[in-house]
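Engineer: Below is the sequence, then the predicted model.
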Amino acid sequence: MAVEDYLSQLNDAQQQPTTHVDGPLMVIAGAGSGKTRVLTYRIAYLMQQGIDAFSILALTFTNKAAREMKTRIAEIVGESESKNLWMGTFHSVFARILRAEADRLGYPSSFTIYDSQDSERLVKSIIKEMNLDTDIYKPKQIRNRISSFKNSLITVRAYHNNPELVETDREARRSAMGNIYRNYVERCFKAGAMDFDDLLLKTNELLNRFPDVLAKYQDRFRYILVDEYQDTNHSQYLIVRALADKFQNLCVVGDDAQSIYAFRGANIENILNFQKDYPDAKTYRLEQNYRSTECIVEAANSVINHNQNKLDKTVWTANEKGEKIVIHRSPSDGDEGRYVAQSIFEQAMNLQLSYTSFAILYRTNAQSRAMEDALRKRNIPYRVYGGLSFYQRKEIKDMLAYLRLIVNPKDEESLRRVINYPTRGIGQTTMNKLVVAAQEHNLSLFEVADQANHLPLQIHAGAKTKLVNFATLIKSFQVANANQTAFETADMVAKKTGLVQELKKEGTPEAINRVENIEELLNGIRDFVDGQREIVDAKGSLVEFLADVALATDFDNEITDENSVSLMTVHLAKGLEFPHVFIVGMEDDLFPSAMNMNSRSELEEERRLFYVALTRAKKLATLTYTQCRYRWGKLNDAEPSRFLSEIDHSYVDNRVVESNYEFKPLVDPSIFGDDHSKIRFKKPPTKSTPKRVPKNLKPVSASTHSSLIELEGLEVGARVSHNRFGAGTIVSIEGDGGDAKALIDFDGNGRKNLLLRFAKLDIL
DNA sequence: TGCACCGATGTTTTT
DNA sequence: CATCGGTGCA
């Protein structure tokens, strides 16, 4: 595409930053103002000015954003040009650089990346080894504190030299904090592992300690672009500043009103102070919203105006006025779900919309359940993003632990995870001795296990043999892995460790599902290997796969042509847009979260979060709240969110609708206690007289009801589609309720036995 | 050492 | 309400 072609697609405000080539610039981009468009076109523009793709670095917030941008740039400049661009999240880009430079920092280039779970487990075992009370030293809290230290570049030494920090922890009766931190860092290093924060911290260390490395990357990345700059933390800020220091060709894009990651160390001051950091910087503002109706834009403005700490900016739109924001009250979270499902059903029907036009956004992942139940009962296809990701499932983590151990036998967390799973008779006693021996001889756990017969250990001969056998097994994988693809190795692991066998033996529906998941993982590895063949310097190795997986998010498995409603947290929705958006759980203590209502700044962040949620909508936003909600398995009263009253009333349609939906469970009202009278009498009591139920059947309760509904339309001979295996025909169905299984003959993919409870099947 | 059961305990948000 | 960790028994 010629330059003038795509420039003509931009308004004046967008063109200016797009064609700003040299020197620092900041783009303050209001919601829906075409920020991504500016970023992509600017990169294309730079390339058409003769700047080598090789010297452009673009840092995004998610892998998905990077991929989409790369695709769009490829469409403009051609793929052969665009493939040399460096684009990705901070974490994935710098993980790559760290791998290349690992030896400088004394790390193996095959270092393991610990996810939050791994980190927390390690913190926990350290606390236990130090004989500290886990009630005072809560592993999660300690890990978070370590994380925030790292994000602020407070090393162990810096911590100990900072009387204020030490004093804070002493007052909190956590005087061992510093020592836990030290031990944690040492253990990670010994295990050849970096946690998420290390990927940034160690990059800073690398650039600070080795001027030649810094110079190399400064010269390489002459043009740097940072998306979502408002959500960068101190550590990221310093990396960007160091890399851009020489050429100062830095372009940051963001919106202070959408800064929502303070809990992760994001520092909104980075964007507020950009002009101070780069006095020569030119600031551009994109204020015209192309996404949403006037009602939505103005409603969102009226909300965000309650915040004090922000840059001046007026977002406006030339779009039609559109529908007013709908606010709806439900008696309970179940009713809320039914209302949303019903509304989606009606709107899709009346407006002839596909289900992809709808999104349900919530503050916490736990809220998805009520929505899922209601959607399932209505047979509305949906997809939940985020939450427990595929790679965090137990059986997958087990498989990955074996693979990680093959690549990096020093990885302690992985070893602990699988040394006795499947059981090999290596119990707690043996493990304790192993740990002591490792410390004594300054060896890794794996090395001790491997050499158990040659070391003076206080371990029975029988136990020694078991350890050696385990080490031998892992070593045999290592040898094999040297000459085969990641897929072949993973397949071997699944078969030879007995992991799959163990699950098959168990035979429970859960176990069967786990086997299915492992199969999916293997398929995923095969896809990865195939994909890597096309990339020049990639080999499809296990190391590459593991690096990829550690930083992958749920979005990376996205299926785009699926006709389904999207469910996700507001955080995850950042950067996305949908014609119709439902924001559910608009209640005080939930949104805003009870934990963020103690200070002005916390509350302002919650308000920005609400602003983000609202501005995802293009045509219609519906906000719902309930009068009572299940939390921790108990029914609690709820109050409407304070944010609701902050919306300018002229853009709101206050619809308080009775919730008489057909899909209410048919339960005898008398089983409710008096506390629930307000739910009970929402419907006239006469109407809720239970329908006659045959005597030999249990009354239909909410739980059995849902499993019946799942089977609707699923019958022998039906055509269905599965997100991995594609289309197929049901051959047979056995079992019922939650245990129902279907044998499905997938076109071209063979027959699979799927558990209906888990398999997300769409009826064709 | 391994397994079954029970009670306690905790929920923001994510790379 | 789920998961996790601890306890008690084989």
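Structural biologist: Great, that's in hand.
Engineer: which helices and strands does the longest helix along chain A pack with?
Structural biologist: Ranked by residue count and defined by DSSP state H, the top helix of chain A is helix A:509-533. Helices and strands touching helix A:509-533, by 3 or more C-beta pairs under 8 Å, 6 or more residues apart in numbering; DSSP states H and E, are helix A:394-407, helix A:486-496, helix A:499-506, helix A:542-550, strand A:750-755. The way it works is simple: take the backbone N, C-alpha and C, and place the C-beta from them, glycine included.
Engineer: how many other residues sit next to A:His649?
Structural biologist: Residues near A:His649, counting by other C-beta atoms under 10 Å, number 10.
Engineer: Now it. Its backbone dihedrals?
Structural biologist: When read as degrees, to the nearest 10, the backbone of A:His649 gives phi -60, psi -20.
Engineer: who's in contact with it?
Structural biologist: Taking C-beta atoms under 8 Å, 6 or more residues apart in numbering, we find A:His649 in contact with no residue.
Engineer: pLDDT score assigned to it?
Structural biologist: Note for A:His649: predicted pLDDT of 91.
Engineer: now swap in A:Gly507 and tell me
Structural biologist: On the pLDDT scale, A:Gly507 gets 71.
Engineer: now A:Pro409
Structural biologist: 94.
Engineer: So it, which state does it fall into?
Structural biologist: Recorded secondary structure, A:Pro409: coil (DSSP: H, G, I helix; E, B strand; the rest coil).
Engineer: what's the spacing between the nearest residue to it once chain neighbours are set aside and A:Phe545?
Structural biologist: Nearest non-adjacent residue to A:Pro409, counting by C-beta to C-beta, 6 or more residues apart in numbering: A:Phe446, 4.2 Å away. Separation of A:Phe446 from A:Phe545 (C-beta to C-beta, to the nearest Å): 21 Å.
Engineer: remind me which residues of the stretch 401-550 of chain A are low pLDDT?
Structural biologist: A:533-539 (pLDDT under 70).
Engineer: cool, and the stretch 101-250 of chain A?
Structural biologist: For the stretch 101-250 of chain A (pLDDT under 70), the answer is none.
Engineer: for stretch A:562-576, what is the average pLDDT?
Structural biologist: Throughout stretch A:562-576, pLDDT has a mean value of 90.
Engineer: Please, where are all the helices along the stretch 301-450 of chain A?
Structural biologist: A:333-351, A:368-377, A:394-407, A:412-418, A:428-441, A:445-450 (DSSP state H, counting those that start in this stretch).
Engineer: Who are the packing partners of the second one?
Structural biologist: Yep, that's helix A:368-377 we're talking about. Looks like helix A:368-377 contacts helix A:333-351, strand A:358-362, strand A:382-384, strand A:565-569, helix A:702-710 (3+ C-beta pairs under 8 Å, 6+ apart).
Engineer: if you look at that helix, does any of it touch DNA strand B?
Structural biologist: No. Judged by C-beta under 7 Å from any atom of the strand, helix A:368-377 makes no contact with DNA strand B; its nearest approach is 9.0 Å.
Engineer: now that helix against strand A:358-362, angle please.
Structural biologist: 150 degrees (axes from the mean of the first three to the mean of the last three C-alpha atoms, to 10 degrees).
Engineer: Check chain A for its longest strand and report it.
Structural biologist: If you go by DSSP state E, chain A has its longest strand at strand A:617-631.
Engineer: Are there helices or strands packed against it, and which ones?
Structural biologist: Using 3+ C-beta pairs under 8 Å, 6+ apart: strand A:617-631 touches helix A:294-304, strand A:325-332, helix A:333-351, strand A:578-583, strand A:634-637, helix A:677-680.
Engineer: and the third one, does that touch DNA strand C?
Structural biologist: It stands for helix A:333-351. No. Helix A:333-351 lies out of reach of DNA strand C by C-beta under 7 Å from any atom of the strand, never closer than 11.4 Å.
Engineer: Name the residues of that helix that are buried.
Structural biologist: For helix A:333-351, burial by neighbour count (16 or more other C-beta atoms under 10 Å) applies to A:333-345, A:347-348.
Engineer: from those residues, which is closest to DNA strand B?
Structural biologist: A:Asp333 (11.9 Å; C-beta to the nearest atom of the strand).
Engineer: Surely the closest one and A:Tyr630 touch.
Structural biologist: Yes. The pair A:Asp333 and A:Tyr630 passes the contact test of C-beta atoms under 8 Å, sitting 5.9 Å apart.
Engineer: give me the number of residues near the residue nearest to A:Pro409?
Structural biologist: 25.
Engineer: With the one 4 residues further on instead?
Structural biologist: Around A:Asp450 there are 20 other residues, counting by other C-beta under 10 Å.
Engineer: what sits against it?
Structural biologist: A:Leu467, A:Val468, A:Ala471, A:Thr472, A:Lys475.
Engineer: The first one and A:Asn420, how far apart?
Structural biologist: When C-beta to C-beta is applied, the distance between A:Leu467 and A:Asn420 equals 11 Å.
Engineer: These two: which has the busier surroundings?
Structural biologist: Under the neighbour definition other C-beta under 10 Å, A:Leu467 and A:Asn420 were set side by side, and A:Leu467 has more, 26 against 16.
Engineer: how about the nearest residue to that one, chain neighbours excluded?
Structural biologist: A:Ala449 (4.0 Å).
Engineer: isn't the one you found right next to A:Ile419, touching?
Structural biologist: Yes. Counting by C-beta under 8 Å, A:Ala449 does reach A:Ile419; the two are 7.5 Å apart.
Engineer: which residues are in contact with both of these two?
Structural biologist: In contact with both A:Ala449 and A:Ile419: A:Phe470, using C-beta under 8 Å, 6+ apart.
Engineer: Which one's more surrounded, those two?
Structural biologist: A:Ala449 (27 against 22).
Engineer: so who does that one touch?
Structural biologist: Taking C-beta under 8 Å, 6+ apart, we find A:Ala449 in contact with A:Leu415, A:Ile419, A:Leu434, A:Leu467, A:Val468, A:Phe470, A:Ala471.
Engineer: and if we set it to 10 Å?
Structural biologist: A:409, A:415, A:419, A:426, A:430, A:434, A:437-438, A:443, A:455, A:464, A:466-472, A:474 (C-beta atoms under 10 Å, 6 or more residues apart in numbering).
Engineer: do the same with A:Leu542
Structural biologist: Applying C-beta under 10 Å, 6+ apart, we find A:Leu542 in contact with A:110, A:403-404, A:406-407, A:477-478, A:481, A:484-490, A:493, A:525, A:529.
Engineer: Report the secondary structure state of A:Ala74.
Structural biologist: helix.
Engineer: What is the neighbour count of it?
Structural biologist: 16.
Engineer: Quick check: chain neighbours aside, which residue is closest to it?
Structural biologist: A:Ser82 (4.3 Å).
Engineer: Phi first, then psi, for the one you found.
Structural biologist: Dihedral pair for A:Ser82: phi -80, psi -20, per degrees, to the nearest 10.
Engineer: burial of it, as a residue count?
Structural biologist: If we define neighbours as other C-beta under 10 Å, then A:Ser82 has 22 of them.
Engineer: Return the residues of the stretch 251-400 of chain A in contact with DNA strand B.
Structural biologist: When proximity is defined by C-beta under 7 Å from any atom of the strand, the stretch 251-400 of chain A lies next to DNA strand B at A:Phe263, A:Arg264, A:Arg363, A:Thr364, A:Asn365, A:Ala366, A:Gly386.
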